[in-house]
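**Student:** Fold the following and give me the result.
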Amino acid sequence: IGYFIGPLAVSALISGGEIRNAFIFAACMSLVAAGVTMMLPALSADRAERMTKDGQRAHTFHVLAQHRHSLLTVGVGCLALMMLRTSRQTIIPLWGEANGLPAHTVSLLFAISMGFEVLLFFPGGMIMDRFGRWWVSVPTTFALGLGLALLPLAHTATSIGILGALLGIGNGISSGIVMTLGADAAPEFGRPQFLAGWRVLSDSGQAPAAVVIGALGIVGGGWMARWVPRTEPVAEFDTELDTELETEQ
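**Tutor:** Presented below is the predicted three-dimensional model:
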């Protein structure tokens, strides 16, 4: 909901003013969030006791090792989903800017995309509970992938807005799916530790660009080292090339 209200408010702020108003607004909201966080209640004693079993406290790495199958299967899928979600939040504004749209229009298009997402929170939750997690996680992944693949073909505010709506609809039906799947897989003993590891794994998908591009660069360097000849060009080839150039001149 914040992703819907925030861009909508920013669009209004910068449509009649400077873009720095967006940063001032974001800074104020950050201070409000910090104040609310400081007032949150501390963990109660009885909840802390449930983190132990027979007097033994659960250790994070031990819990994660015991349940590595869930992390390496469904957890990796959630990582990929978070990569798609984060890409959508970044690419829509950048693509709108690349096509010359004003900043307030880009912010409004992003808010519209998020608005469609908010509308599907409850329907997505009902589908998830009545038919199963598969029926929201799989369609969402394909919808986000399709929308992002088609985005380079959109060059107007209307076409970008339509694809943004598609991305919002695709993501909206799976709202909460990552933490729901984590809660489904979490054990009774060591539950907080498991969910912490689950969150770290899934949230790693929010910062994929540098790692992915860096990995591609390393692979590309190895590929070049394998296939680019190490020797100097053959002298006969250079002579033939010079002759051809002189003839053309």
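**Student:** Extract the C-alpha set from the longest helix along the chain and format it as CSV.
**Tutor:** In the chain, assigned by DSSP state H, the helix with the most residues is helix 76-98. Extracted C-alpha coordinates of helix 76-98, given in CSV (Å, rounded to 0.1, in the frame of the first residue of the first chain):
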residue,chain,number,x,y,z
VAL,A,76,15.5,-20.6,-4.4
GLY,A,77,12.3,-20.2,-6.3
CYS,A,78,11.3,-17.3,-4.0
LEU,A,79,14.7,-15.7,-4.6
ALA,A,80,13.9,-15.7,-8.3
LEU,A,81,10.5,-14.2,-7.7
MET,A,82,12.0,-11.5,-5.6
MET,A,83,14.5,-10.7,-8.4
LEU,A,84,11.5,-10.2,-10.7
ARG,A,85,9.7,-8.0,-8.2
THR,A,86,12.7,-5.8,-7.6
SER,A,87,13.4,-5.6,-11.4
ARG,A,88,9.8,-4.3,-11.9
GLN,A,89,10.2,-1.6,-9.3
THR,A,90,13.4,-0.4,-10.9
ILE,A,91,12.8,-0.9,-14.6
ILE,A,92,9.4,0.8,-14.9
PRO,A,93,10.7,4.2,-13.7
LEU,A,94,13.9,3.9,-15.7
TRP,A,95,12.1,2.9,-18.9
GLY,A,96,9.7,5.7,-18.6
GLU,A,97,12.5,8.2,-18.1
ALA,A,98,14.4,6.6,-21.1
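**Student:** now the angle from the following helix or strand past that helix to helix 76-98?
**Tutor:** Using DSSP states H and E, the next helix or strand after helix 76-98 towards the C-terminus is helix 103-119. Angle between the axes of helix 103-119 and helix 76-98 is 150 degrees (criterion: axes from the mean of the first three to the mean of the last three C-alpha atoms, to 10 degrees).
**Student:** can you list contacts of the helix or strand that helix 103-119 is followed by?
**Tutor:** Next helix or strand after helix 103-119 toward the C-terminus (DSSP H and E): helix 121-131. If you take C-beta atoms under 8 Å, 6 or more residues apart in numbering as the criterion, helix 121-131 is touched by 135, 136, 172, 173, 174, 175, 176, 177, 180. Heads up, the C-betas are built off the backbone N, CA and C, glycines and all.
**Student:** Please identify the buried residues of the longest helix of the chain?
**Tutor:** If you call a residue buried by 16 or more other C-beta atoms under 10 Å, then helix 76-98 has these buried ones: 77-79, 81-88, 91-93, 95-96.
**Student:** can you list contacts of it?
**Tutor:** Outside helix 76-98, the residues that reach it (C-beta under 8 Å, 6+ apart) are 3, 103, 105-107, 109-110, 113, 137, 140-141, 144-145, 147-148, 151-152, 154, 157, 160, 164, 167, 171, 174, 177-178, 181-182, 198, 201-208.
**Student:** pLDDT averaged over it - what is it?
**Tutor:** The average pLDDT within helix 76-98 is 87.
**Student:** try stretch 29-43
**Tutor:** 90.
**Student:** Same check on stretch 180-200?
**Tutor:** Stretch 180-200 comes out at a mean pLDDT of 88.
**Student:** List the buried residues in it.
**Tutor:** Under 16+ other C-beta under 10 Å, the buried positions of stretch 180-200 are 180-182, 185-186, 189-195, 197-198.
**Student:** got it, and stretch 26-33?
**Tutor:** Buried, per 16+ other C-beta under 10 Å, within stretch 26-33: nothing.
**Student:** Pull the distance from that stretch to the chain's centre.
**Tutor:** 22 Å (C-alpha atoms, centre = their mean, to the nearest Å).
**Student:** May I have that stretch exported as PDB, CA atoms only?
**Tutor:** The C-alpha trace of stretch 26-33 is given here as PDB (Å, rounded to 0.1, in the frame of the first residue of the first chain):
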ATOM      1  CA  ALA A  26      10.900  10.300   1.300                       C
ATOM      2  CA  ALA A  27      13.100  11.600   4.100                       C
ATOM      3  CA  CYS A  28      10.100  12.700   6.200                       C
ATOM      4  CA  MET A  29       8.400   9.300   5.700                       C
ATOM      5  CA  SER A  30      11.700   7.600   6.800                       C
ATOM      6  CA  LEU A  31      11.700   9.600  10.100                       C
ATOM      7  CA  VAL A  32       8.000   8.700  10.700                       C
ATOM      8  CA  ALA A  33       8.900   5.000  10.100                       C
END
